[in-house]
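J.: here is the input, now give the coordinates:
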Amino acid sequence: MDYDIAIIGLGPAGATLARLLKPELNVIALDKKHACGTDGFNKPCGGLLATDSQRAFIRFNLNLPTEILANPQIFSVKTLDLQTNLIRNYQRTYINFDRHKFDLWQKSLIAKHVDIRHNTLCKKIERIIDGYQVTFVENNQEKVITAKYVVGADGADSMVRRMRYPNHNIRQYIAIQQWFAEAHSVPFYSCIFDNTLTNCYAWSISKDDYFIFGGAFPKKEANQKFEQLKQKLAQNGFTFGAPIKTEKCHVIYPQRWRDFHVGNERIFLIGEAAGFISASSLEGISYAFDSAEILSRILNDNTKNPNKAYYQKTIKLRIKLLSKIIKAKILTTPLLRRIIMKSNIAHIKNI
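T.: Got it, this is the predicted structure:
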């Protein structure tokens, strides 16, 4: 084998795994992003760091550099139910940050012994004796390497997951996000529900001098539903103007236990590639950190049956995500959502 481990994708999951693997392991990591700057792949993401992600930074003994942080830091989420015209404010302790800068910073923490290939595209993974053959494109040239283990950290539309589980189907939405010049006198975060347009949810975030609006929509008519929701929100005090840029990507939406796949036969899936994303908030960074940390310990210890160990060690993680599925079903059910919001539990009134 050319390498012990090949990591496909260097988002929060892949970059964390690459950083935590011991130097004795021969590791290659393939990533679609460039080494620096704004060129290459940019993950469409609102850029909020949840409490569980903050706890991971404590475990990793890491601090966020100020250049990654965005303004303002807001401590509440305005929740809107457009079907009932109910509006509530709930306290949240998110950290507002620039997602692309965050991803590049995570990559910069990886030790020099890891062979990082930037701006690459993984094309094919094939089983061979004692491992896998990985074919990828780098600088318009096709290259082939071999590795004992392959780790899929390549997100919602994971090629590694599709290769390993060709018959597995998990619900996917199209996440659409647009950036506008900030025109609101008071910046805010929001979470928006409207089951007539999506059975998931939408969001808005004030970030530096921009106002970001996005949502997750069923694949059919996603663009149309997105524009219809913008029109509704414009009637509810949202100011959009001309979009500066539009971003799109697939986002998975786990609904059951069997939507989580962690790999087998020397292939491992971490982060969103494994289905590890909250169905209630579409937050996946904390689960990317957790799953990468678990797998790093297994690979560093040279565990005899690493796939079995990884499956067992991630059971608690999957149980936690199952609770998020239950929460999501409650929040996206109009009657139950209305009951919760009308109860005023945890609602903070504006002065």
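J.: quick check: the spatially most central residue of the chain vs V150, distance?
T.: Nearest to the mean C-alpha position of the chain, by CA atoms, centre = their mean, lies G284 at 4.0 Å. To V150, G284 is 21 Å away according to CB to CB, to the nearest Å. To be clear about C-beta, it is placed using only N, CA and C from the backbone, and glycine gets the same treatment.
J.: does the residue nearest to the centre of the chain really touch I270, like I thought?
T.: No. In this structure, G284 is not within contact of I270 by CB atoms under 8 Å, at 10.7 Å.
J.: which residues are in contact with each of these two?
T.: Shared contacts of G284 and I270 (CB atoms under 8 Å, 6 or more residues apart in numbering): F276.
J.: for the longest strand seen in the chain, give the mean pLDDT please.
T.: For the chain, the strand with the greatest residue count under DSSP state E is strand 141-152. Averaging pLDDT along strand 141-152 yields 97.
J.: CA atoms of that strand as CSV?
T.: Provided in CSV are the C-alpha atoms of strand 141-152 (Å, rounded to 0.1, in the frame of the first residue of the first chain):
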residue,chain,number,x,y,z
GLN,A,141,-4.1,14.9,-14.3
GLU,A,142,-5.5,11.6,-13.3
LYS,A,143,-3.6,9.9,-10.5
VAL,A,144,-3.9,6.6,-8.7
ILE,A,145,-2.8,5.6,-5.1
THR,A,146,-3.5,2.6,-2.9
ALA,A,147,-4.4,2.7,0.8
LYS,A,148,-5.2,0.1,3.5
TYR,A,149,-8.2,2.2,4.8
VAL,A,150,-10.4,4.7,3.1
VAL,A,151,-12.3,7.3,5.1
GLY,A,152,-15.3,9.1,3.5
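J.: next SSE after it?
T.: Downstream of strand 141-152, the next assigned helix or strand under DSSP states H and E is helix 159-164.
J.: check what contacts that following helix and list those residues.
T.: Against helix 159-164 from outside (CB under 8 Å, 6+ apart): 8, 122, 125, 150-152, 154, 168, 261, 263-265, 267, 269, 273-274.
J.: which one in those residues is the model shakiest on?
T.: Lowest pLDDT among the contacts of helix 159-164: H168, 88.
J.: need the three-state assignment for the nearest residue to that one once chain neighbours are set aside.
T.: Take H168 and drop its neighbours on the chain: the residue closest to it by CB to CB, 6 or more residues apart in numbering is H261, 6.3 Å away. Judged by DSSP: H, G, I helix; E, B strand; the rest coil, the three-state class of H261 is coil.
J.: list phi and psi for H261.
T.: phi -130, psi 130 (degrees, to the nearest 10).
J.: do you know the pLDDT at P306?
T.: Confidence score, pLDDT, at P306: 97.
J.: just T38 next, same as before
T.: On the pLDDT scale, T38 is placed at 61.
J.: who wins on neighbours among the contacts of helix 159-164?
T.: Within these, A273 tops the neighbour count with 33 neighbours, counted by other CB atoms under 10 Å.
J.: distance of the residue nearest to L62 when sequence neighbours are not counted relative to Q231?
T.: Leaving aside its chain neighbours, L62 sits nearest to L109 (7.7 Å; criterion: CB to CB, 6+ apart). In this view, L109 and Q231 are 43 Å apart by CB to CB.
J.: contact partners of stretch 142-152?
T.: Taking CB under 8 Å, 6+ apart as the rule, stretch 142-152 contacts 1-9, 14, 17, 28, 123, 125, 128, 130-137, 158-161, 164, 263, 266-270, 273-274, 295, 299, 306.
J.: pretty sure Q54 sits in a helix.
T.: Yes. Per three-state DSSP, Q54 lies within a helix segment.
J.: got the contact list for it?
T.: Contacts of Q54 (CB under 8 Å, 6+ apart): 93, 95.
J.: for L30, see how far away the residue nearest to H168 is.
T.: H261 is 20 Å from L30, by CB to CB.
J.: likewise for N169?
T.: 26 Å.
J.: again with N71
T.: N71 is 34 Å from L30, where distance means CB to CB.
J.: so which of the two has more stuff around it?
T.: For N71 versus L30, the count of surrounding residues by other CB under 10 Å is larger for L30: 26 against 11.
J.: is that one bridged to anything, and to what?
T.: Using DSSP bridges, the beta-bridge partners of L30 come out as I8, R117.
J.: correct me, but it touches F136?
T.: Yes. At 5.4 Å, L30 and F136 qualify as touching, with contact defined as CB under 8 Å.
J.: overlap in contacts of those two?
T.: Contacts common to L30 and F136, judged by CB under 8 Å, 6+ apart, are 117, 120, 122.
J.: if we can go back for a sec, tell me which of L109 and Q231 has more neighbours.
T.: Using other CB under 10 Å, the more surrounded residue of L109 and Q231 is L109, with 13 against 10.
J.: any chance you could map the helices in the stretch 251-351 of the chain?
T.: For the stretch 251-351 of the chain, the helices defined by DSSP state H, counting those that start in this stretch occupy 285-300, 306-313, 315-331, 334-343.
J.: and the third one with helix 306-313, angle?
T.: Same thing as helix 315-331. With axes from the mean of the first three to the mean of the last three CA atoms, to 10 degrees applied, the angle from helix 315-331 to helix 306-313 works out at 50 degrees.
J.: against Y149, how distant is N264?
T.: N264 is 12 Å from Y149, by CB to CB.
J.: same question for T66.
T.: For T66, the distance to Y149 equals 37 Å [CB to CB].
J.: more neighbours: those two, which one.
T.: The neighbour comparison of T66 against Y149 (other CB under 10 Å) goes to Y149, with 23 against 6.
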